[in-house]
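> Below are the sequence and a predicted model for it; my questions follow.
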2 protein chains.
Amino acid sequence: MAEGGVGPGSGESLLFLTDEQLRKGIEAMFFAYRGFTADPDRILERYEYGRAHHRAMHFIHRSPGTTVNNLLSILGVTKQSLNRVLRTLIDDGLVESRVGPRDKRERHLYLTPKGDALERELSEAQRGRMRAAYRAAGPQAVAGFRQVLEAMMEPEMRRQYQTLKDGGA
Amino acid sequence: MAEGGVGPGSGESLLFLTDEQLRKGIEAMFFAYRGFTADPDRILERYEYGRAHHRAMHFIHRSPGTTVNNLLSILGVTKQSLNRVLRTLIDDGLVESRVGPRDKRERHLYLTPKGDALERELSEAQRGRMRAAYRAAGPQAVAGFRQVLEAMMEPEMRRQYQTLKDGGA
DNA sequence: GATTTTATGTCAGCCTTGTTGACTTTCCAA
DNA sequence: TTGGAAAGTCAACAAGGCTGACATAAAATC
């Protein structure tokens, strides 16, 4: 298409870069992020966990065996903060921490079957909303969505993100 | 269109709805939101304010004269929580609270020149990143970005969002 | 082998921002 | 006049960030 009406094609009035349009984008991020977290939040409440636990489980699921340090840099929090969350997850039997086979200082993190079950429940809820949004918007919109989000990330986080991206599709 | 180049081809294979793709979308939201808030956060730190203050100022700027109750429903927090934030903003002379002219129970909120200056500083930083992302991704991607975000919102928030959207244009 | 660095964990304390509950004041409207 | 909505306030609490200090084990380096 090339000129569907907007395309990066030709005249390209740059109207999409006005402050008004940018402000709308900002609000869209704000409201959408609320929706994005709403479903997992409701589930977490039942288990007496918070978003921090969800994030930890998500990234342990994504990279089983990841070390504490890895997780720290991905999540961007302090080790004290992460430790509090990790401790409860380990104590509750959702996460297993194994001493590193080569470097015994490291702890490698894994979801237990129980942890995997909760992660799946949370992820399914979140993917449900995502799927509905994707379906409503269509594949082309989704591609644009991903492009803009990626461009919005801090370079370091973009690298983290792309690591998964490459792995996956 | 239909085949801009995004799509997994033509028959619309629905490949964009796989769990892998959805998981990537979820991570994209997570990492992008971090970038989205990073610049204002740095500024806020200097003024000893937090994100909550930014949000309040943003929506007061967007709808000058809005009432406390309006703001509550937009922000989705309790009045006690909002009140704490609002109080510091009022005490610091960034926000003015005027008794409602018709209904004197209501308080109508306005940014003072000082508040407007800070709001502008924060907004400019945030728009800067947004602009860069928009420019990098192009107008078509931006349209898709907005479509997906909108579909992701809770219906009530979508209405709030569209109120502004229509106003602007 | 001694020293330094790295990875992790933990204690203590602080801050922001969210929550509930209780209560008051103001004031519109039935 | 009275009920109830809107707003504000106080108190207490929790989650989840933060810093700083310190302990331990193991790896790496000198």
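Nice, thanks for sending it over.
> Please see if stretch A:34-47 touches DNA strand C.
No: judged by Cβ under 7 Å from any atom of the strand, stretch A:34-47 stays clear of DNA strand C, getting no closer than 10.6 Å. (Glycine included, C-beta is placed from N, CA and C.)
> Name all residues that make contact with the closest residue to chain B within chain A.
Residue nearest to chain B within chain A: A:G144 (2.5 Å; Cβ to the nearest Cβ). By Cβ atoms under 8 Å, 6 or more residues apart in numbering or on different chains, the contact list for A:G144 reads B:V6, B:A137, B:Q140, B:A141, B:V142, B:A143, B:G144, B:F145, B:Q147, B:V148.
> Could you count how many residues lie near the second one?
For B:A137, the count of nearby residues is 24 (other Cβ atoms under 10 Å in any protein chain shown).
> Is it correct that it is in contact with A:R146?
No: contact between B:A137 and A:R146 fails when scored by Cβ atoms under 8 Å: they sit 9.2 Å apart.
> Contact residues of chain A facing DNA strand C?
Checking chain A against DNA strand C by Cβ under 7 Å from any atom of the strand, the hits are A:67-69, A:72, A:79-80, A:83, A:86-87, A:97, A:103, A:105-107.
> count of neighbours near A:Q80?
By other Cβ under 10 Å, 7 other residues sit near A:Q80.
> again, but for A:R98
There are 11 residues near A:R98, going by other Cβ under 10 Å.
> For A:Q126, which non-adjacent residue is spatially closest?
Of all residues not flanking A:Q126 in the chain, A:P40 sits nearest, at 5.3 Å (Cβ to Cβ, 6 or more residues apart in numbering or on different chains).
> Report the buried residues of the helix or strand hosting A:G35.
If you go by DSSP states H and E, A:G35 is part of helix A:19-47. By neighbour count on 16 or more other Cβ atoms under 10 Å in any protein chain shown, the buried set for helix A:19-47 is A:21-41, A:43-44.
> give me the number of residues near the closest residue to DNA strand C within chain A?
DNA strand C sits closest to A:N69 of chain A, with a gap of 2.7 Å, by Cβ to the nearest atom of the strand. Counted with other Cβ under 10 Å, residues neighbouring A:N69 total 13.
> any idea how far the nearest residue to it once chain neighbours are set aside lies from A:E119?
Nearest residue to A:N69 in three dimensions, chain neighbours excluded: A:E106, at 7.6 Å (Cβ to Cβ, 6+ apart). Note on A:E106: its distance to A:E119, by Cβ to Cβ, to the nearest Å, is 22 Å.
> Looking at those two, which has the bigger crowd around it?
Remark: of A:E106 and A:E119, A:E119 carries more neighbours, 21 against 18, as counted by other Cβ under 10 Å.
> I figured that one hits A:H58, correct?
Yes: A:E119 is in contact with A:H58 according to Cβ under 8 Å; the separation is 6.8 Å.
> mind listing the helices in chain A by residue range?
Counting by DSSP state H, chain A has helices at residues A:19-47, A:51-62, A:68-75, A:79-91, A:113-137, A:139-152, A:155-168.
> Run the chain-centre distance for the third one.
Between the mean C-alpha location of helix A:68-75 and the chain-wide mean there is a distance of 14 Å, by Cα atoms, centre = their mean, to the nearest Å.
> Give me the below-cutoff pLDDT ranges for chain A.
A:1-12, A:164-169 (pLDDT under 70).
> Now it against DNA strand D: closest residue?
Closest point on chain A to DNA strand D, by Cβ to the nearest atom of the strand, is A:G50, at 1.3 Å.
> Compute the number of surrounding residues for that residue.
Using other Cβ under 10 Å: A:G50 sits among 13 other residues.
> And for it, nearest residue in space, chain neighbours not counted?
Among residues not flanking A:G50 along the chain, A:L44 sits closest, at 6.1 Å (Cβ to Cβ, 6+ apart).
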